[in-house]
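Asks: Okay, here's the prediction I keep looking at, along with the sequence it came from:
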Amino acid sequence: MRSVCTPDDDRRRLLIRIDLIRFVGVTEHFGVPIEDVDMVMGSLENALASTGGFPVPRIFRKNVKFVVSGLGYCFSASLPPLLATAASEGLKIIEEDPGRVQRVQKIAVEAHQRIQEALEDSKFYVEGEPLSPMKHIYYDGTDEEAAPKLDLLVDELFEKFKIVITRARYLEKDELFPLKPSARLMFQTALTDEEIDHVVESFRQAAHSI
């Protein structure tokens, strides 16, 4: 440092002094011995990123899941901070614009009917509550037949029509009741009529080509 910051360079010396002064953690600030702290977490929840961070546990806790779980769920598997923050923001948006709920329900019901019609005469079909914006697409066949066909549908929609849907994945051995393989399609209020038309027509073409 002395070789970089010469006595004639007051600006650099001042910057280094500021950095050294600011290098104080919360434990030092409140006078808590670091030996009494089981875990230190550097979080980015409220920074520029939406999630992420790093855990620094005491040596006797180094083998717990916290060490390998540096995302926003370090302290709770049942209420991850990222999901809690997203849910809170979602409720705030709904409170500011209550009409969103009615709009998405209207879109969901109409899209459900249109997707059903588009899949007619194919081996794919949609099931579920029409009011739900999430649509589960199934294949009429055994589970062994359905899984690869649904994978093909996902690939076809993405590669040819630039539509992204996902395959529902489960840990089958941990499920109490068997679940049919499905693909999931989600609708939202931001979709325009033209975009919904494109989705419906894309499903019709993709389903009948498989």
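Replies: Received the coordinates, thanks.
Asks: need the next SSE after the strand or helix carrying residue 85, C-terminal direction.
Replies: Assigned by DSSP states H and E, residue 85 belongs to helix 81-96. The helix or strand immediately downstream of helix 81-96 is helix 99-118, counting by DSSP H and E.
Asks: What mean pLDDT does the next helix-or-strand element following that following helix get?
Replies: Sequence-wise, the next helix or strand downstream of helix 99-118 (DSSP H and E) is strand 124-127. Average pLDDT, strand 124-127: 94.
Asks: Can I get strand 124-127 in PDB, CA atoms only?
Replies: Taking Å, rounded to 0.1, in the frame of the first residue of the first chain, the C-alpha atoms of strand 124-127 are listed here in PDB:
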ATOM      1  CA  PHE A 124     -53.700 -34.800 -26.000                       C
ATOM      2  CA  TYR A 125     -56.300 -33.200 -23.700                       C
ATOM      3  CA  VAL A 126     -56.600 -30.500 -21.000                       C
ATOM      4  CA  GLU A 127     -58.000 -31.200 -17.600                       C
END
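Asks: after the lowest-mean-pLDDT helix or strand in the chain, next one along is what?
Replies: Of all helical and strand segments in the chain, the minimum by mean pLDDT, DSSP states H and E falls on helix 10-22, at a mean of 46. Sequence order places helix 26-30 as the next helix or strand after helix 10-22, per DSSP H and E.
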